[in-house]
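>>> Here is a sequence with its predicted model. Questions after.
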Amino acid sequence: MSLLSNHPRSVKLLRWGIRDYAPSWALQEELFKSVEEGKLLRRNGQTVQYPVNYLITVEHPPVYTLGKSANAANLIYPEQFYIEKGAQIFKTNRGGDVTFHGPGQLVVYPIFDLDQFFTDIHKYLRFLEEAVIRTLAEYGIIADRSPGETGVWIDPKGLQPRKICAMGVRAARWITMHGLSLNVNTDLRWFDYIIPCGIRNKAVTSLKEELNREVPLQEVEEKLLRHFKELFEFQWHR
């Protein structure tokens, strides 16, 4: 049975550390189903409590993921090339094209029942972007959105536009899964082997690249979580 709460917008934080992509995806699906079950119990009058939402942070070993609308040609090389490099490849049920997850990257998967927040996917995506933008501002990095290109960018309208955070989500029955990946200390060479998010002629960057120093991943995580809490106005579930 789904974990339930007396309070709407109760979010349980799950820090998964370093975890392979496949079991992470499977666990997301399980949590998604638990939230869905909780919604049905409440809708059918079997409980007055709300399903608990989840916010997952994780760091994946090297993996390339393709969204539902991905163009396979954006994987520049044959699959064997990536395997020999030590990376896995997965086709997923999220939105978006191809992206990379790997060491030094902060990945965040919100499993939110948007009926408890707002039923607006576009607003949801903008809130995800805003949480990252506010986090980067704490490091003196001015980031912004790029019209028509979901994610967070630096200098999106300038001479050197570069993406620092990719996003790809899935929502069904107003429950979300998948999420965002913020390059903190990521080895950017991994992006040389793909056309990231299907966007040509634009670079990818990281906090390390912009600041010319490594940044503790946990430090960035704490800042990002604080901005999530402020924007979505939830309470942590204990």
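Perfect, I can see it now. Numbers count the residues shown, from 1 in each chain.

>>> For my notes, confirm Leu224 occurs in a helix.
Yes. Judged by DSSP: H, G, I helix; E, B strand; the rest coil, Leu224 forms part of a helix.

>>> I'd like to check which residues are in contact with it.
Shown in contact with Leu224 (CB atoms under 8 Å, 6 or more residues apart in numbering): 106, 108, 131-132, 135, 182. C-beta here means a position set from N, CA and C on the backbone, and glycine is covered the same way.

>>> for Ser24, what are its contacts?
Neighbours of Ser24 in contact, by CB under 8 Å, 6+ apart: 16, 56, 58, 60, 109.

>>> cutoff 10 Å now
Each residue near Ser24 by CB atoms under 10 Å, 6 or more residues apart in numbering is listed here: 16, 56, 58, 60, 63, 101, 107, 109.

>>> Show me where the chain has its helices.
In the chain, the helices defined using DSSP state H lie at 21-43, 79-85, 121-137, 207-211, 217-232.

>>> Near the residue lying closest to Gly38 once chain neighbours are set aside, how many other residues are there?
Nearest non-adjacent residue to Gly38, counting by CB to CB, 6 or more residues apart in numbering: Pro51, 2.6 Å away. By other CB atoms under 10 Å, 26 other residues sit near Pro51.

>>> do the one 3 residues further on as well
Neighbour count of Tyr54, defined by other CB under 10 Å: 24.

>>> For the chain, name the helix or strand with the lowest mean pLDDT.
The weakest-scoring helix or strand in the chain, judged by mean pLDDT, DSSP states H and E, is strand 4-5 (a mean of 90).

>>> if I pick Leu55, what's in contact with it?
With the criterion set at CB under 10 Å, 6+ apart, Leu55 makes contact with 11-15, 108-112, 179, 224-225, 228-229, 232, 234, 236-237.

>>> Let's see that with 8 Å instead.
Applying CB under 8 Å, 6+ apart to Leu55 gives the contacts 11-14, 108-112, 225, 228.

>>> can the residues you listed go into TSV with extra columns for distance to Asp192 and pLDDT?
Output for the contacts of Leu55, formatted as TSV (distance: CB to CB, whole Å; pLDDT from 0 to 100):
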residue	distance to Asp192	pLDDT
Val11	36	98
Lys12	37	97
Leu13	34	98
Leu14	32	98
Val108	24	98
Tyr109	26	98
Pro110	29	98
Ile111	32	98
Phe112	34	98
Leu225	31	98
Phe228	31	98
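
>>> picking that back up, could you give me the ChimeraX syntax to select whichever of the contacts of Ser24 are buried?
Here is the ChimeraX command that selects only those of the contacts of Ser24 that count as buried (16 or more other CB atoms under 10 Å):
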select :56,58,60,63,101,107,109
